[in-house]
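Undergrad: show me the folded form of this:
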Amino acid sequence: MAAKQAGHAVTVVATCNDAIREVRNKRFDCVTLDLMLEDGDGTDVLKAIADSRFAGSVIVISGMDAARRIAARLYARSLGIDLQSLPKPVDLAALRIFLANLGKTALGLPVVHTWGGVAADGVAAKHRS
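TA: Residues are numbered from 1 along each chain as shown. Predicted coordinates for the structure are as follows:
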């Protein structure tokens, strides 16, 4: 697991019911979620995340097509959740970047992405808007 290798504590569940129970009973900085779980649709978990007033980040990792991931992202936003999504197979470098930036976004610091020695952040985009 990339998150565990990066030093993050990881809780793994395989079902919607287990995921919903964990989100309601524990505090997480981030939830990574597959939309297709053994016993249902991951959007049920998104609803439970919103109902629990979860303030962390949500990353959907799914083998579903782009249209389904976009629909999940729009649904999450309608619930007040800012969701990122990654297709399967997972690009571990992209996942590590998301996880590394979690603390920065929580503190309001600029998020910096680095690829092969080139760094980019959102400061220029904010300046132009």
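Undergrad: before we move on, what SS does the residue most central in space within the chain have?
TA: Closest to where the C-alpha atoms of the chain average out (C-alpha atoms, centre = their mean) is Ile59, at 1.6 Å. Using DSSP: H, G, I helix; E, B strand; the rest coil, the structure places Ile59 in strand.
Undergrad: separation between it and Lys26?
TA: Distance check for Ile59 against Lys26: by C-beta to C-beta, to the nearest Å, it reads 17 Å. (Each C-beta comes from the backbone N, C-alpha and C, glycine too.)
Undergrad: just Arg69 next, same as before
TA: 26 Å.
Undergrad: what does Gly7 give?
TA: 18 Å.
Undergrad: where along this protein do the helices fall?
TA: 2-5, 16-25, 42-51, 66-78, 92-100, 102-107, 123-128 (DSSP state H).
Undergrad: which one's more surrounded, Arg69 and Lys26?
TA: Arg69 (19 against 9; other C-beta atoms under 10 Å).
Undergrad: list the contacts for that one?
TA: When contacts are counted by C-beta atoms under 8 Å, 6 or more residues apart in numbering, Arg69 is found next to Leu35, Val60, Ser62, Ser85, Pro87.
Undergrad: again with Ala50
TA: Ala76, Leu79, Gly80, Ile81.
Undergrad: save those residues as a markdown table, and put in pLDDT, distance to Cys30 and neighbour count too.
TA: Converted to a markdown table, the contacts of Ala50 look like this (pLDDT from 0 to 100; distance: C-beta to C-beta, whole Å; neighbours: other C-beta atoms under 10 Å):
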| residue | pLDDT | distance to Cys30 | neighbour count |
| --- | --- | --- | --- |
| Ala76 | 92 | 14 | 22 |
| Leu79 | 93 | 17 | 16 |
| Gly80 | 91 | 16 | 10 |
| Ile81 | 89 | 12 | 20 |
